[in-house]
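1. next one to model:
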Amino acid sequence: MNHRYLATLCLFLNFAIFVRSFSLLPHSQQNALFPLNQSTETAEPEIDYNVPEDAVIVIKAAAMKRLRELKEKQAVDTLVLRMGVRNGGCSGLSYVMDFSTEEEIQEDDAVDEYPEELIKCVVDSKSMLYLYGLELDFSDELIGGGFKFFNPNAEESCGCGSSFGV
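-> As a prediction, this is how the structure comes out:
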């Protein structure tokens, strides 16, 4: 007989013995060893704030929660979040997000206001074309956590999540 055939047969028999032994265990022990049907996704938090009508940027509940935390850390009356795009990144354009002040808001900026939260999301007129309808979310995962951008205008996106192309 061929050695590869024997090795494959041995692996198969060992696997069959393992499966048979495993199936004899009570379900509680089986689930402890190999949990099944447990989703790793968490339910999306409920929106507990008023979304501005025709908002340029749609802020998801997790992102709003993080913005509230940042507002507290910044110790400001109103948190002004300026978002935009610039040339560069893996796919041609990259997202820009920074804190600003109410004094720096320009006449031609689009401003989404969350008055109960004392948070404003500001987008400059040049970036509006690329960002209209963007969903801003937040993830606190250890790897790949942070603000997430879901852009319906992007024809391509990079794996890094911070650049896109149109």
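2. residues near residue 153, how many?
-> Residue 153 has 12 neighbours, counted by other Cβ atoms under 10 Å. Where C-beta positions appear, they are placed from N, C-alpha and C, glycine not excepted.
3. that one reaches residue 127, doesn't it?
-> No - taking Cβ atoms under 8 Å as the definition, residue 153 is not a contact partner of residue 127, at 10.9 Å.
4. using PDB, list the CA coordinates for the helix or strand where residue 73 lies.
-> Using DSSP states H and E, the element containing residue 73 is helix 61-74. The C-alpha coordinates for helix 61-74 follow below in PDB (Å, rounded to 0.1, in the frame of the first residue of the first chain):
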ATOM      1  CA  ALA A  61     -25.700  55.200  17.600                       C
ATOM      2  CA  ALA A  62     -22.200  53.800  18.500                       C
ATOM      3  CA  ALA A  63     -20.500  56.800  16.900                       C
ATOM      4  CA  MET A  64     -22.800  59.200  18.800                       C
ATOM      5  CA  LYS A  65     -21.900  57.400  22.000                       C
ATOM      6  CA  ARG A  66     -18.200  57.900  21.300                       C
ATOM      7  CA  LEU A  67     -18.700  61.500  20.300                       C
ATOM      8  CA  ARG A  68     -20.400  62.200  23.600                       C
ATOM      9  CA  GLU A  69     -17.400  60.600  25.400                       C
ATOM     10  CA  LEU A  70     -15.100  62.800  23.300                       C
ATOM     11  CA  LYS A  71     -17.100  65.900  24.100                       C
ATOM     12  CA  GLU A  72     -16.800  65.200  27.800                       C
ATOM     13  CA  LYS A  73     -13.000  64.700  27.500                       C
ATOM     14  CA  GLN A  74     -12.600  67.900  25.400                       C
END
